[in-house]
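**Student:** Quick one, structure for this:
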Amino acid sequence: YIVISGANSLSERKQIETLTARLVDMKFHISDIEQKTKDLEYNMIIRSILKLQPKLDKEVAEKISNAIIENCIKKELSPYLVICLMFVESGFNQMSTSSKIAIGLMQVHWESWNGHEFCKDVKTKDDLYQIDINIDCGTSILKKMIEEGGSVRAGLNSYYGVESNEYHKKMASALYRIMF
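**Tutor:** Numbering: from 1, shown residues only. So this is what the prediction gives:
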């Protein structure tokens, strides 16, 4: 309205109105493209999970995918790094428990992280079997370890507990399977 009222002639006003309508239309197109991009990434993450673990129920893969996207955006992590880590750690078995009491999809070590600020939603060991809680806690730990280590490799070593070329090979193999 302010721009239009400053126009000197009727034809200038019509040009400004036309341009304004085009800008509004472009905004809707951009919004549509952004949504399609999000949908595409969501579907790529689900496909990646199911490619690594084809027997996984699709609804479970979708729930895992939602939690990965949410947490990776918040923590600025690659969703594919988290997918590979989950595959190597648990094979996407949310009920997985190691002999060292590492629990769930991301194999969060209960005794190390119980009560820690990163795992504030974890009240009992059983909470770590919940997809959302496990991924929130696990990605927080991973992010912290990457930051402290100064690199993804150092962060993965800390997450795994020791420096291991074998662990990195498993991560690389999982990524290769996703990509090819």
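**Student:** Distance of residue 175 relative to residue 45?
**Tutor:** 13 Å (Cβ to Cβ, to the nearest Å). Bear in mind the C-beta positions are built from the backbone N, C-alpha and C, glycine included.
**Student:** what are the ranges of the helices in the protein?
**Tutor:** Secondary structure of the chain by DSSP state H: the helices cover 2-5, 10-52, 58-75, 79-90, 110-113, 131-149, 152-160, 165-179.
**Student:** name the helices or strands packed onto the longest one?
**Tutor:** The one in question is helix 10-52. helix 2-5, helix 58-75, helix 79-90, helix 165-179 (3 or more Cβ pairs under 8 Å, 6 or more residues apart in numbering; DSSP states H and E).
**Student:** Give me the mean pLDDT for that helix.
**Tutor:** For helix 10-52, the mean per-residue pLDDT is 78.
**Student:** who touches stretch 100-120?
**Tutor:** 64, 82, 85-86, 89-90, 92-98, 122, 125, 128-131, 134-135, 137-142, 144 (Cβ atoms under 8 Å, 6 or more residues apart in numbering).
**Student:** What's the end-to-end length of it?
**Tutor:** Using Cα to Cα, to the nearest Å, the span of stretch 100-120 from its first residue to its last is 21 Å.
**Student:** What residues sit buried inside that stretch?
**Tutor:** For stretch 100-120, a neighbour-count test (16 or more other Cβ atoms under 10 Å) marks 102, 103, 104, 105, 106, 107, 108, 109, 110, 113, 118, 119 as buried.
**Student:** Which of these fall within strands?
**Tutor:** Judged by DSSP state E, the buried residues of stretch 100-120 include 102, 103, 108, 109 as members of strands.
**Student:** Report the two of those separated the most.
**Tutor:** Largest separation among those by Cβ to Cβ: 103 and 109, giving 7.9 Å.
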